[in-house]
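Enquirer: predicted model and sequence follow; I will ask about them next.
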Amino acid sequence: MQDKWDREKLTQLRCTFLLDCINTGKFDERDSFPSASELTKTAQSQTPSFPCTFIPQIEGEGTLDYYEIQIANAQQIPTRENNWHDFFNGLIWHQFPKSKMLISRLHAKDIEQHGLSPRTPRRDRLTHFDECGLLLLVKKSDLAQCTSFFHGLSTHNWTQVYLELRNLWHNVVTPCLFGHASAEMMLSPFVGLTAKWVLVPVDDDFDTCSFAEKRAHVDDQLLSVITYFDGFTSKNVLRPIPLLGIPQWCDKQNANFYSDSNYFRSQREGVALTQQYPPRWPLKQ
């Protein structure tokens, strides 16, 4: 089943980083979904060293190989036409090609060592992050003032994170969608929409950089984070975050909204925190 293109929907997205990617590629000016070849052309114009090409994937037909193996070995990204999910996957590839390629290579490595089924825990977490990941960008000089924020986020203290420390959002902590499934669902957001977040520190001159420089820098930093955590092999590195709680990402964010315990859930007892704050992992300078 094919999706219907509606460029007006793109303007409703609340993630500024994703909107910058849409504007840079002029996708908001289109009257139809871009083809696989058009996605490749746009990617190569923005990143001359872009490692892959997008190829058409026709519904009901198999690809040359298993999806992640085809990307890792043939540098080809099977892409369905007229499909929001694959369109947003293309946009994430445009922004973070190194990190996306690393994820595919880690999948391929586990498949080579353990077979396709059952999936390894690492592949499950990589898939979850690839589909529903959220990057929280913080300048390195601002990390010290974010200790309470990230501790509250890690322990599900939603009142602290979304209300008491609300001024940190978009000023000190910049949310950036990495999961293409999350991006697709934000076209028609619903209560219950949840992502998995990672902290990605960035250089202090980040705000003065061009969008192309920002994309490349975040990609390098995220690559270091994924590598350090060995593709999220350990449990509890990826923590849940209710996406619609992020200020400006949803209308009617009042006290009653944040009191919905079915959405803003308490942390389960006995959950250990693997990711430390302030961060200790080596980051690319």
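Expert: Arrived safely, thanks for sending. As the structure is a prediction and not an experimental result, all values here were calculated from the model.
Enquirer: how distant is the helix or strand harbouring Leu18 from the center of its chain?
Expert: Assessed by DSSP states H and E, Leu18 sits inside helix 16-24. Centroid displacement of helix 16-24 relative to its chain, using Cα atoms, centre = their mean, to the nearest Å, is 14 Å.
Enquirer: over to stretch 2-19?
Expert: 16 Å.
Enquirer: how about stretch 119-134?
Expert: Worked out by Cα atoms, centre = their mean, stretch 119-134 lies 11 Å from the chain centre.
Enquirer: now it: mean pLDDT?
Expert: Mean pLDDT, stretch 119-134: 96.
Enquirer: now it: buried residues?
Expert: Thr120, Arg122, Arg123, Arg125, Leu126, His128, Phe129, Asp130, Glu131, Cys132, Gly133, Leu134 (16 or more other Cβ atoms under 10 Å). For the C-beta atoms, the positions are set from N, CA and C on the backbone; glycine is no exception.
Enquirer: returning to what we had before: packing partners of the helix holding Leu18?
Expert: helix 84-95, strand 173-177, helix 211-228 (3 or more Cβ pairs under 8 Å, 6 or more residues apart in numbering; DSSP states H and E).
Enquirer: need the residues that contact the first one.
Expert: Meaning helix 84-95. Helix 84-95 is contacted by residues 3, 17-18, 21-22, 25, 27, 33-34, 39, 42-43, 46-47, 52, 54, 57, 77, 79-80, 100, 177-181, 183-184, 187, 215, 218-219 when judged by Cβ atoms under 8 Å, 6 or more residues apart in numbering.
Enquirer: where in the stretch 1-150 of the chain is pLDDT low?
Expert: By pLDDT under 70, the weakly predicted segments of the stretch 1-150 of the chain are 1, 59-65.
Enquirer: and the strands in it?
Expert: For the stretch 1-150 of the chain, applying DSSP state E, counting those that start in this stretch gives strands covering 53-56, 76-79, 133-139.
Enquirer: would you mind measuring from Leu137 to Asp204?
Expert: Separation of Leu137 from Asp204 (Cβ to Cβ, to the nearest Å): 12 Å.
Enquirer: whoops, Lys100 was the one
Expert: Taking Cβ to Cβ, one finds Lys100 at 26 Å from Asp204.
Enquirer: do Ala72 as well
Expert: When Ala72 is compared with Asp204 (using Cβ to Cβ), they lie 35 Å apart.
Enquirer: what comes up buried for the helix holding Leu18?
Expert: Phe17, Leu18, Asp20, Cys21, Ile22, Thr24.
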